[in-house]
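A.B. asks: Take this sequence and fold it.
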Amino acid sequence: MQPASSSAFRPGTAKKLSIKNFKSKPTLPENYENESWTKLEEAVKAIHRSSFIKFSLEELYKAVENLCSDKTAVSKIYCQLREVCDSHIQGQVSVFDGSVTGEIFLRQLDQQWKDHCNQTSMIRCIFLVLDRSYMQNYMTISLWDLGLDLFRKNVLDSANIGEKCISGIMKMIQNERDGSVSIDRTLLRSLLSMFSDLHIYPNWFEKRFLKETIDFYNQEGNEQLLHRSTEDFLKYAERRMNDESKLCTTCMSYETDKALLNCMEQQLIRNHHEELLVKGLEKLLRYNRVADMTLLYALFKAEEGRKMLCEHFNKHVKLVVANIVMKENESTMVQSLLDLKEKLDHIVEVSFQKDAKFINSLREAFEVSINCGKQRTSSTSSTAPVASPAEYIAKYVDREMRSGKLNEAELERTLDRIMILFRYIQGKDVFEMFYKNDLAKRLLIGRSASVDAEKSMLSKLKQECGSMFTKNLEGMFKDMTYSKEMMVQYRQHQSAKPELANINIEMTVNVLTAVYWPKYPTTKVPLPPDMYRLQDAFCTFYQAKHSGRTLTFQHTLGHCLLKSYFKKEKKELQVSLHQALVLLNFNQYDRMSFTDIQSTTQIDEAELKRTLQSLACGKARVLTKSPKSKEVQKTDNFEFNENFSHKLMRIKINQIQLKETVKENQETNNRVHENRKNQIEAAIVRIMKTRKTLTHQNLMVEIGNQVKFPILSTDIKKRVENLIERDYMKRDKDQNNIYHYVA
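C.D. replies: Got it, this is the predicted structure:
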């Protein structure tokens, strides 16, 4: 099938236009106007009385249409209709009894308004032609607007009805706020809709409503704040604001909602910013009240409120961190800082919605407070004090690496948390020195819980501080790897030597590059003959492979595994070299005095006391001491404990090697001090070589930008004087505060 062809659907074809004559003006009887108006007036009055209309609506509509065909009659009909409606509405005022008030009065007014709207709507349907033609030709208000205007003028503006209506509405709202009576929302919505239709809502209701809201919540807010805690007040404020918002959304204009909430925020929150924060923020943060902090952040939505909250949050964090750093000891400080950081991170993430200002504020608070802790002096110079957190963080890592209580994932997470604190500390050279000492002990004594975790920590430090920071640490791992490979070769070499076959000792040697490792004191102790033979054999083997190198045996971190025979059982004792030398004496003697032991072992008195205390006063007492006490004296005597018993086959007694002595700590701090002096001098020389001439103040600024640890002006002055004495620089002849570089 093909579609039928039609020119009407073809583009470009001409369209047919049909022209019709205007409707002819109807010819009306002579008395038609008066008779028609009589009908219309009677119909309007019937509508006002809500009674039966004698004439059909079609007949009435046709009458209005015919009357409006006469342009001269239109204005007259409009005025007559206005007089009828005006008269009726004036009569309606009398129905309001002056003694009736409150909700009864409001219901009467609401019913009158609904009746008036229905009546006006029906009248407009009859006079629709008049409404349209009269508005177009005479630019006057429509019949609907006329009805609104008449109601407003004759009802609300007279007999104080409008004021009674507003007062009644405000009374209803006040009763609900007081909790005495629940408001009739349907009635309230209808009355406020009437105000909107009459265009009096903003001036008559909204202004007064907002004013009374401000007055009410200003008074109630002050009273509630006196008797409630901060968290309870916030919940009260949230509940009040939600209730008011629901009421506004249900019954009022949407434009009122924003102004209403702004008023309530001002009276309940913004007016009390400082008081709420001072009164309760510290408690909310201390007890980790995440939900309450979330509510606090949500209610402090104004820019000023968020700024104040951020400032108080910053002050609290600084105070808590400083308190931890100043008061807590090595065993608890770092864990307390980690727990605090984790808690505050959760609050910032959940309660403060990852607000960048709070993230930066938290970081700044930690950076400032973690470096303001107590300083421990190791020398007279101000560069000698070492920040406690840097040292304690290094020791915390050491404890975690040795504990073996955490699995790989938990240990990795702990190291990540540690690195966050590490970024905050300024004395990273202190951390490096103590971490290096502890790492050396873990590697040499074999007490690290996880080699993978050790390497992971090394990688994190390298990523954070660069390869120069971890150069020595990486060298330590290379030495350990090389030593294992070399010992395999040595075992093969030893098995080929018949003169070493009768020695029932298995010796393992770690060859260390001196520049990578901490400096250990060189001590000479009398070793058993077989150990001397093994030591000499290894030296011969090593020097054959590496001619020109010198081996120096360091016995400080040497350790042994001794097979011991007690009355009840056999045990393996894992001990330090010093402990082994002491115990081997009891193969020949049953009882020895302190002086005898010192004479045979040639161990320093202080070190010998530590060693004997670990053997006779610790948990595993393989020696007995008389007289019994916790401290070792030079007059004490010692015996081998034949009745020793323990649940484990292999017993570790060499933990004493892992513990840092006061002397070791002092020496570490002194090395940090010396390193810092050298770094300051090197920085001064670099700066002066570049600038040639510089004032003292500018030199201090330049040095502060180059060194990465806390520095005082007295440190710089001492180093400058030292360089002047060594002719690296000189003072200006005329001005003492100006320095010149000496090439």
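A.B. asks: Look at H272 and report its pLDDT.
C.D. replies: According to the prediction, H272 has pLDDT 94.
A.B. asks: hang on, I meant K20
C.D. replies: 57.
A.B. asks: cool, and the one 5 residues further on?
C.D. replies: Taken from the predicted model, the pLDDT recorded for K25 is 60.
A.B. asks: And the helices in the stretch 251-400 of the chain?
C.D. replies: Assigned by DSSP state H, counting those that start in this stretch, the helices in the stretch 251-400 of the chain fall at 254-268, 273-286, 290-299, 303-327, 333-350, 356-370, 388-403.
A.B. asks: Packing partners of the first one?
C.D. replies: Using 3 or more C-beta pairs under 8 Å, 6 or more residues apart in numbering; DSSP states H and E, the elements in contact with helix 254-268 are helix 207-227, helix 230-251. Heads up, the C-betas are built off the backbone N, CA and C, glycines and all.
A.B. asks: With the fourth one instead?
C.D. replies: Based on contacts counted as 3+ C-beta pairs under 8 Å, 6+ apart, the elements that helix 303-327 packs against are helix 273-286, helix 290-299, helix 333-350, helix 356-370.
A.B. asks: Nearest to M457, out of these?
C.D. replies: Minimum separation from M457 across those (C-beta to C-beta) falls at helix 333-350, 14.6 Å.
A.B. asks: what angle separates that closest one from helix 273-286?
C.D. replies: 120 degrees (axes from the mean of the first three to the mean of the last three C-alpha atoms, to 10 degrees).
A.B. asks: picking up where we left off before, between the helices and strands packed on helix 303-327, which one is nearest to T38?
C.D. replies: For T38, the closest of these is helix 290-299, at 67.4 Å, according to C-beta to C-beta.
A.B. asks: buried sites along the closest one?
C.D. replies: Neighbour-count burial for helix 290-299 flags 292-297, 299 (criterion: 16 or more other C-beta atoms under 10 Å).
A.B. asks: Any chance of those in CSV with distance to E42 and pLDDT as columns?
C.D. replies: Supplementary listing: the buried residues of helix 290-299 in CSV, determined by distance: C-beta to C-beta, whole Å; pLDDT from 0 to 100:
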residue, distance to E42, pLDDT
D292, 71, 94
M293, 73, 95
T294, 69, 95
L295, 66, 95
L296, 69, 95
Y297, 69, 95
L299, 63, 94
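A.B. asks: Reformat those residues as CSV; add distance to R491.
C.D. replies: Shown next, in CSV, are the buried residues of helix 290-299 (distance: C-beta to C-beta, whole Å):
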residue, distance to R491
D292, 67
M293, 63
T294, 65
L295, 70
L296, 68
Y297, 66
L299, 74
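A.B. asks: Tell me the one of those residues nearest Q598?
C.D. replies: Nearest to Q598 among the buried residues of helix 290-299: M293, at 62.8 Å, using C-beta to C-beta.
A.B. asks: among the helices of the stretch 251-400 of the chain, which gets the worst mean confidence?
C.D. replies: Mean pLDDT across the helices of the stretch 251-400 of the chain is lowest at helix 388-403; the value there is a mean of 88.
A.B. asks: just checking, what packs against that helix?
C.D. replies: The contact analysis (3+ C-beta pairs under 8 Å, 6+ apart) places helix 388-403 against helix 333-350, helix 408-424, helix 428-445, helix 451-465.
A.B. asks: what about these, which gets the closest to P518?
C.D. replies: helix 428-445 (5.0 Å).
A.B. asks: gap between the closest one and the chain center?
C.D. replies: 32 Å (C-alpha atoms, centre = their mean, to the nearest Å).
A.B. asks: Now that helix: average pLDDT?
C.D. replies: Predicted confidence along helix 428-445 averages 87 (mean pLDDT).
A.B. asks: Need the contact partners of it.
C.D. replies: Applying C-beta atoms under 8 Å, 6 or more residues apart in numbering, the external contacts of helix 428-445 come out as 386-387, 390-391, 393-395, 397-398, 401-402, 422, 425, 447-448, 454, 465, 469, 472-473, 476-477, 480, 510, 517-518, 557, 559, 654, 657-658, 660, 664, 668, 671-672, 675-676, 708-709.
A.B. asks: Narrow the residues you listed to those that are buried.
C.D. replies: In terms of neighbour count (16+ other C-beta under 10 Å), the buried residues within the contacts of helix 428-445 are 386-387, 390-391, 393-395, 397-398, 401-402, 422, 425, 447-448, 454, 465, 472-473, 476-477, 480, 510, 517-518, 557, 559, 654, 657-658, 660, 664, 668, 671-672, 675-676, 709.
A.B. asks: pLDDT wise, what is C85 at?
C.D. replies: pLDDT, C85: 90.
A.B. asks: pretty sure it contacts L150?
C.D. replies: Yes - between C85 and L150 there is a contact under C-beta atoms under 8 Å: 5.7 Å.
A.B. asks: Could you check which of these two is surrounded by more residues?
C.D. replies: Higher neighbour count among C85 and L150: C85, with 23 against 19, using other C-beta atoms under 10 Å.
A.B. asks: Just the buried residues of stretch 223-236, please?
C.D. replies: So for stretch 223-236, counting by 16+ other C-beta under 10 Å, buried means 224-225, 228, 230-231, 233-234, 236.
A.B. asks: quick one: the helices in the stretch 501-650 of the chain?
C.D. replies: Secondary structure of the stretch 501-650 of the chain (DSSP H, counting those that start in this stretch): helices located at 529-545, 577-584, 594-601, 605-616.
A.B. asks: Just put those helices in a markdown table and tack on mean pLDDT and distance to E311.
C.D. replies: Output for the helices of the stretch 501-650 of the chain, formatted as a markdown table (pLDDT from 0 to 100; distance: least, C-beta to C-beta, whole Å):
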| stretch | mean pLDDT | distance to E311 |
| --- | --- | --- |
| helix 529-545 | 88 | 64 |
| helix 577-584 | 90 | 57 |
| helix 594-601 | 90 | 63 |
| helix 605-616 | 88 | 51 |
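A.B. asks: Burial check on M688, number of neighbours?
C.D. replies: Neighbourhood size, M688 [other C-beta under 10 Å]: 21.
A.B. asks: How about K246?
C.D. replies: Around K246 there are 11 residues (other C-beta under 10 Å).
A.B. asks: Contact partners for R719?
C.D. replies: Contacts of R719 (C-beta under 8 Å, 6+ apart): 677, 680-681, 684.
A.B. asks: Following element in sequence after the helix or strand where it lies, please.
C.D. replies: Following DSSP states H and E, one finds R719 within helix 713-725. The helix or strand immediately downstream of helix 713-725 is strand 729-731, counting by DSSP H and E.
A.B. asks: For that next one, buried residues please.
C.D. replies: The neighbour-count check on strand 729-731 (16+ other C-beta under 10 Å) flags M729 as buried.
A.B. asks: got the contact list for that strand?
C.D. replies: Contacts of strand 729-731 (C-beta under 8 Å, 6+ apart): 684, 688, 720, 723-724, 738-742.
A.B. asks: any idea of the mean pLDDT in stretch 459-470?
C.D. replies: Mean pLDDT, computed over stretch 459-470, is 90.
A.B. asks: and what of stretch 662-669?
C.D. replies: The average of the pLDDT scores along stretch 662-669 is 71.
A.B. asks: Going by neighbour count, which residues in it are buried?
C.D. replies: 664-665, 667-669.
A.B. asks: could I get the residues you listed as TSV with secondary structure?
C.D. replies: As requested, these are exported to TSV (DSSP: H, G, I helix; E, B strand; the rest coil):
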residue	secondary structure
E664	helix
N665	helix
E667	helix
T668	helix
N669	helix
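A.B. asks: Export these as TSV, with columns for distance to S495.
C.D. replies: Shown next, in TSV, are the buried residues of stretch 662-669 (distance: C-beta to C-beta, whole Å):
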residue	distance to S495
E664	39
N665	43
E667	41
T668	41
N669	47
